[in-house]
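> here is a sequence together with a model predicted from it:
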Amino acid sequence: MKHAWSRLVKLFLHFWFPRTCFACGRDLKWNATAPLCPACEAALAVPGPLICRRCGAVLKSGGAHCYACRGSQARQYKCRIIRSAFVFNPSSRALVHALKYARADYLARYMGTLMERQFAQYPELAEADILVPVPLFPKRGRKRGYNQSELLARQLSRQIGLPANATALARVRNTVSQTTLGRQGRLQNMSGAFAVVRPHEVRGKTVLLIDDVATTGATLEGCAQALAAAGAKKVLAYTFARE
């Protein structure tokens, strides 16, 4: 009886308030659980088949590293490894933008679950001791109402059993938008933008940074610099999508 009543309620809500796919706008079935239609969900693509051993960028022409990480350059980065669940395409972008800009915080549960499914594909991340979300500057966090990276980290934490710590690392400088900056400009923009406020919580640990998107990796590197300076043993990163 309870199941039948629940079904009727869902049908009623679907009739008056039909849900649509976040990516293509098509109507979803009344009993759909995913925020994407089957076609857009199937279009979520994993990076590869070849990726940079350090930053996870897709390598179109083969090789071990991308241009920015080639040769001895990979050793200069404090963020040793970056991996992502999906490439940044229309399907993943729709989810990221809705979570980040449209107050669709409930998407974090779905996205975090997808990240957990892909996590096992990256055994190099298995040495992590703790998850640390990339922090927002306080003013930006208050305006948005939540930190999307923290929501993803907490969902992933429940899925893989690693603790999530959202208080050890803080953004101490409100950086300018990175959209018009090149790679070096982004790295400079993020240098010194983060600080560890609870060093004892990361000292001696392998930290796995969590974020929604990795573009050049500059934000992750800024976080990693602060964590390494505070005594973190090693810093890795895992994001939902990779541009």
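Sure, I can see it.
> quick one, phi/psi of Arg80?
phi -70, psi -40 (degrees, to the nearest 10).
> Cys55 contacts Arg70, doesn't it?
No - contact criterion C-beta atoms under 8 Å: Cys55 and Arg70 do not qualify, at 10.9 Å. For every residue, glycine as well, the C-beta is placed using N, CA and C.
> give me the more crowded residue out of these two.
Using other C-beta atoms under 10 Å as the criterion, Cys55 and Arg70 rank with Cys55 on top: 25 against 13.
> residues contacting that one?
66, 68-69, 77, 82, 214, 217 (C-beta atoms under 8 Å, 6 or more residues apart in numbering).
> go on, Ser84?
47, 56, 214, 238-242.
> which parts of the protein are strands?
79-87, 130-133, 169-171, 194-196, 206-214, 234-242 (DSSP state E).
> quick one: list the elements packing against the last one.
In terms of contact count using 3 or more C-beta pairs under 8 Å, 6 or more residues apart in numbering; DSSP states H and E, strand 234-242 is assigned the packing partners strand 79-87, helix 90-101, helix 107-119, strand 206-214, helix 218-229.
> for Gly141, which of the ones you listed is the nearest?
The closest of the helices and strands packed on strand 234-242 to Gly141 is helix 90-101. By C-beta to C-beta, the value is 12.1 Å.
> how many other residues sit next to the nearest residue in space to Leu59 that is not next to it in sequence?
Closest residue to Leu59 apart from its sequence neighbours, by C-beta to C-beta, 6 or more residues apart in numbering: Leu50 at 4.3 Å. If you count neighbours by other C-beta under 10 Å, Leu50 ends up with 14.
> return the helix or strand in the protein with minimum mean pLDDT.
Across the helices and strands of the chain, the lowest-confidence element by mean pLDDT, DSSP states H and E is helix 2-16, at a mean of 55.
> that older thread, closest one to Leu99 among the strands of the chain?
With respect to Leu99, and counting by C-beta to C-beta, the nearest of the strands of the chain is strand 206-214 at 6.8 Å.
> just the mean pLDDT for that closest one, thanks.
Computed over strand 206-214, the mean pLDDT rounds to 98.
> what's the neighbour count on Ile202?
Quick fix: residue 202 is Val, not Ile. For Val202, the neighbour count with other C-beta under 10 Å is 24.
> might one say that it is in contact with Leu227?
Yes - counting by C-beta under 8 Å, Val202 touches Leu227, with 5.7 Å between them.
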